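Enquirer: Have a look; sequence and predicted model below, questions after that.
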Amino acid sequence: MQSPLLMVPQQNAPEAVAPAPAYYVPAPAPATVELGDLGRILLRRRKLIFATVALLTIATLIYAFLTPALYSSTAQIIIDPQDLQVVTNDVNPSRISPDGGITQVESQVSVAQSNGVLLRAIKATNLTENPDFNGQGGLGRWLGIFFGSGDGDRTAETLDALRRRLAVKRDDKVLVLNIIITAKSADLAAELANAIAQAYLDDQAEARSKAAADASDAISARLEDQRKRVEQAANAVETYKAEHNMVMAAGNLVSDQELTDLNTQLTAAQTRTAQLKAQVDQLRRQGGAPDATSEAMRSPVIASLRAQEATLVDQISQFGTEFGPRHPSMISAQQQLSDLRKLISRELGRLVTAAETDYERASANQKALEAKVASLKGKSLDTDQASVRLRELQRDLDAVRTVYANYLQRAQETREQTNVNSTNARIISQAMPALKKSWPPKGLLVFGAIFGGLALGVGMALIAEYLSPTVLSANQMQSAIEAPVLGVLPGKARRRSGAAQKTDAVAGLALQRIAAATRRPSDWPLVPSILVASPPEDKAQRSRVAWQLANAAAARGRRVLFIDINAGKGQKDPQPGVLDVLRGEYPLDAVSRYAPGSSVALIGRGRPTAVFQEAQALYFTHRMLAEANHSFDLVVVDGGALADDLNVLPLVAMADEILLVARLNATPMRDVASTSEAVSVMGRLPTGAMLVDEAA
């Protein structure tokens with residue numbers, strides 16, 4: 001449906017008038033912010049950032065100068081998880097955990113901060129009399145007066161204050177405890193740190209000594225009972241042996257010992273007989289070749305004779321080659337070899353005879369031992385039944401005696417451990433009075449305040465920008481109005497020729513982009529037109545952009561008509577202008593004029609007093625642009641703030657291009673959206689935008 005403001009009576013509408021665009025309200029485009037826009041945001045809101053930094057820095061300096069100085073001192077203790085091994089069975093066993101003792105040492109951090117250790121240090125330094133710790137000095141005294149807590153336990157107050165000033169830490173990957181004390185006095189901080197370190201060592205030594213004393217007392221209480229049990233068991237054994245006539249030697253029955261010895265001898269004799277029998281059997285199996293046995297191989301005599309035999313065999317072989325078989329030397333060597341072999345045979349015979357003799361002797365010895373063992377076994381059967389009960393009584397005695405011996409040894413060891421400190425810990429660094437105060441660190445605080453203020457200020461600036469966003473970049477403007485940004489002009493006119501040339505170049509480039517984007521028939525009867533609009537607060541920038549476009553077109557040889565909808569606005573008796581033309585009261589050439597020294601024709605706002613016939617305005621706007629087509633090449637309209645002036649509606653409907661003007665980092669996005677919405681209410685959409693950079 002067409003807007004009723006744009007409808008023209010058909011009897012007055014020329015053929016060239018095209019239907020007005022349908023009413024369309026675009027969906028608001030998201031105002032995107034690019035990374036490069038952050039610098040512009042921070043620059044625009046720098047006062048907020050610097051004010052935040054200044055306030056935070058001043059507050060930090062006031063705190064730093066008013067806060068009393070504190071000093072920190074550190075004492076270091078090294079702890080070996082494996083304690084000193086004074087005795088074998090220590091009451092406090094030393095075992096290292098799989099993590100190398102880190103967990104054990106980490107638990108000592110809590111021990112060093114325990115009440116027992118701190119109370120030792122408080123007593124050693126008489127800290128309950130120090131008003132900085134016992135709650136009787138400074139703010140604590142006044143709080144005690146007002147809240148009725150001034151008569152409390154000083155020791156508890158001191159313990160609580162000391163724990164607040166204490167820090168026990170373990171450095172990473174080491175077995176060292178750092179005991180850190182912070183106080184108003186450097187000497188007191190060092191004294192307390194050393195006192196706590198020594199109190200920790202004393203507490204550990206006392207704890208181990210007490211554990212050993214308790215264990216010794218418990219064991220000693222059981223010694224008398226164990227001794228009585230040993231006496232009872234020993235008397236039972238002796239009484240039983242006397243009743244059964246059992247003689248003991250070295251803790252065993254004499255008959256049992258004799259039988260055991262004979263069994264041992266019999267076993268050895270049987271082994272010897274078996275070895276000799278095997279040897280004789282082997283010799284007998286060899287028959288005519290006994291020299292192949294192991295005994296013959298081990299015999300030194302046989303070995304010597306074999307060596308001589310080998311030598312003679314070599315000589316005979318040599319003689320056979322040199323002299324022949326009938327030579328005397330050859331015959332003598334053969335005779336010697338025959339005699340030598342006879343000697344070997346006789347020696348082997350003696351080995352066989354000796355082996356048989358040894359076997360017979362060993363067999364006889366075995367039979368004799370077997371007879372003795374059989375005789376003793378018969379005698380020992382009578383005492384076996386009694387021995388069963390005796391062995392049971394003896395086992396009871398041995399068990400009770402072993403327990404008693406262990407108790408006695410353990411009691412003596414634990415009694416000695418009460419006087420031995422097995423803790424493997426020592427102070428490796430005594431605390432020294434600090435030369436510099438640890439708090440407040442003015443430089444660090446100021447440094448943190450500055451950077452914290454910068455961060456806070458930047459955050460507040462970004463929040464403020466989020467709550468009230470402005471035009472930050474061409475891309476953001478283009479996203480907001482869904483139309484291209486044709487250029488960015490410097491904010492202030494420069495007298496320098498270089499700046500003026502840049503401004504003219506930007507305006508000329510914008511005109512070229514407009515011409516390239518415009519699609520209109522060659523025989524279109526209306527002159528090309530550009531309407532420039534902006535939010536109300538950007539009036540000066542809008543007028544400057546409109547004039548710059550007009551001057552740039554004129555400088556390039558084009559005839560330009562400049563319509564300023566705001567010229568004469570508010571005057572009591574204005575000159576006839578564009579509103580008069582739109583009402584059909586004046587022709588175009590009657591109200592246009594050239595400015596002195598300019599080639600651009602001007603038309604002002606005109607008289608608004610007469611009734612504005614909106615139904616006829618579009619027709620007369622069309623006629624005005626058709627008449628201007630004969631005398632001008634371009635019409636530039638300074639349309640003002642469209643949201644505040646509906647008289648410009650016919651010009652908006654007939655303009656070829658509608659440009660929005662905004663200031664970078666200044667124009668709020670809500671004003672841009674309001675202006676764009678005003679254009680859409682008038683039945684059009686923005687076709688482009690021009691930005692003004694005040695910082696350029």
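Expert: All right, it came through fine.
Enquirer: tell me which element residue 396 is part of?
Expert: In the assignment (DSSP states H and E), residue 396 maps to helix 328-417.
Enquirer: could you show me where the strands are in the stretch 201-350 of the chain, in order?
Expert: Along the stretch 201-350 of the chain, counting by DSSP state E, counting those that start in this stretch, strands occupy 248-249, 252-253.
Enquirer: Pretty sure residue 679 sits against residue 639.
Expert: No. The pair residue 679 and residue 639 fails to qualify as a contact (Cβ atoms under 8 Å) at a distance of 9.4 Å. (C-beta placed from N, C-alpha, C; glycine too.)
Enquirer: Please enumerate the shared neighbours of these two.
Expert: Taking Cβ atoms under 8 Å, 6 or more residues apart in numbering as the criterion, residue 679 and residue 639 both touch 533, 652, 658.
Enquirer: which secondary structure element contains the residue nearest to the first one when sequence neighbours are not counted?
Expert: Yep, that's residue 533 we're talking about. If the residues on either side of it in the chain are set aside, residue 533 comes closest to residue 639, at 4.4 Å by Cβ to Cβ, 6 or more residues apart in numbering. Assigned by DSSP H and E, residue 639 belongs to strand 634-640.
Enquirer: Run through who's touching that strand.
Expert: With Cβ under 8 Å, 6+ apart, strand 634-640 has contacts from 527-534, 539, 542-543, 546-547, 549-550, 553, 558-566, 625, 628, 645, 648, 651-652, 655, 658.
Enquirer: which of those residues count as buried?
Expert: Among the contacts of strand 634-640, those classed as buried by 16 or more other Cβ atoms under 10 Å are 527-534, 542-543, 546-547, 549-550, 553, 558-566, 625, 628, 645, 648, 651-652, 655, 658.
Enquirer: taking those one by one, which sit in helices?
Expert: 542, 543, 546, 547, 549, 550, 553, 625, 628, 651, 652 (DSSP state H).
Enquirer: Run a quick neighbour tally on residue 325.
Expert: 10 (other Cβ atoms under 10 Å).
Enquirer: hmm, I was thinking of residue 129
Expert: 11.
Enquirer: Can you read off the backbone torsions of the closest residue to residue 132 other than its chain neighbours?
Expert: The shortest distance from residue 132 to any residue other than its chain neighbours is 6.0 Å, reached at residue 184 (Cβ to Cβ, 6+ apart). Residue 184 adopts backbone torsions of phi -70, psi -20, taken as degrees, to the nearest 10.
Enquirer: so who does residue 184 touch?
Expert: 68, 69, 70, 71, 132.
Enquirer: Take the residues you listed and keep only those in helices.
Expert: Among those, no member is found in helices (DSSP H).
Enquirer: May I ask which of those residues has the most neighbours?
Expert: Neighbour counts for these (other Cβ under 10 Å) peak at residue 71, which has 21 neighbours.
Enquirer: Am I right that it is in contact with residue 440?
Expert: No. The criterion here is Cβ under 8 Å, and residue 71 misses it with residue 440 at 11.9 Å.
Enquirer: Next, work out how far apart residue 683 and residue 674 are.
Expert: 17 Å (Cβ to Cβ, to the nearest Å).
Enquirer: Now the phi/psi pair for the spatially most central residue of the chain, please.
Expert: Centroid-nearest residue in the chain: residue 172, 15.0 Å away (criterion: Cα atoms, centre = their mean). Dihedral pair for residue 172: phi -70, psi 130, per degrees, to the nearest 10.
Enquirer: Repeat that for the one 3 residues further on.
Expert: Recorded main-chain torsions at residue 175 are phi -110, psi 40, according to degrees, to the nearest 10.
Enquirer: related to what we said a few turns ago, would you mind telling me which of residue 683 and residue 674 has the busier surroundings?
Expert: residue 683 (18 against 15).
Enquirer: Now that one: which helix or strand?
Expert: Counting by DSSP H and E, residue 683 is found in no helix or strand.
Enquirer: right, and it touches residue 653 too?
Expert: Yes. The criterion here is Cβ under 8 Å, and residue 683 meets it with residue 653 at 5.9 Å.
Enquirer: And stretch 586-596, what's buried?
Expert: Burial within stretch 586-596, assessed by neighbour count using 16+ other Cβ under 10 Å, is assigned to 586, 588, 591, 592.
Enquirer: Farthest-apart pair in those residues, please.
Expert: Within the buried residues of stretch 586-596, 586 and 592 form the most distant pair, 9.9 Å apart (Cβ to Cβ).
Enquirer: What is the subsequent helix or strand relative to the helix or strand bottoming out on mean pLDDT in the chain?
Expert: The weakest-scoring helix or strand in the chain, judged by mean pLDDT, DSSP states H and E, is helix 139-147 (a mean of 50). As assigned by DSSP H and E, the chain's next helix or strand after helix 139-147 is helix 154-165.
Enquirer: For that following helix, which helices and strands make contact with it?
Expert: Using 3 or more Cβ pairs under 8 Å, 6 or more residues apart in numbering; DSSP states H and E as the contact test, the elements touching helix 154-165 are helix 115-125, strand 176-183.
Enquirer: Return the member of the contacts of residue 184 nearest to residue 362.
Expert: For the contacts of residue 184, the nearest to residue 362 is residue 71 (97.4 Å; Cβ to Cβ).
Enquirer: Now do the same contact list for that closest one.
Expert: 182, 183, 184, 185, 186, 189, 433, 434, 436, 437, 438.
Enquirer: now swap in residue 581 and tell me
Expert: 587, 588, 591, 603, 606, 620, 624.
Enquirer: can you check residue 377 too?
Expert: So residue 377 contacts residue 259 (Cβ under 8 Å, 6+ apart).
Enquirer: so what's residue 202 up against?
Expert: Contacts of residue 202 by Cβ under 8 Å, 6+ apart are residue 120.
Enquirer: so what's residue 287 scoring on pLDDT?
Expert: pLDDT recorded at residue 287 is 55.
Enquirer: circling back: please report the distance of the residue nearest to residue 132 from residue 67.
Expert: Here residue 184 is placed at a distance of 11 Å from residue 67 (Cβ to Cβ).
Enquirer: sorry, back to before: and the contacts of residue 581 as CSV, adding secondary structure, distance to residue 416 and pLDDT?
Expert: Listed next are these as CSV, based on DSSP: H, G, I helix; E, B strand; the rest coil; distance: Cβ to Cβ, whole Å; pLDDT from 0 to 100:
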residue, secondary structure, distance to residue 416, pLDDT
587, coil, 130, 88
588, helix, 126, 88
591, helix, 125, 88
603, strand, 120, 90
606, coil, 121, 84
620, helix, 124, 87
624, helix, 123, 90
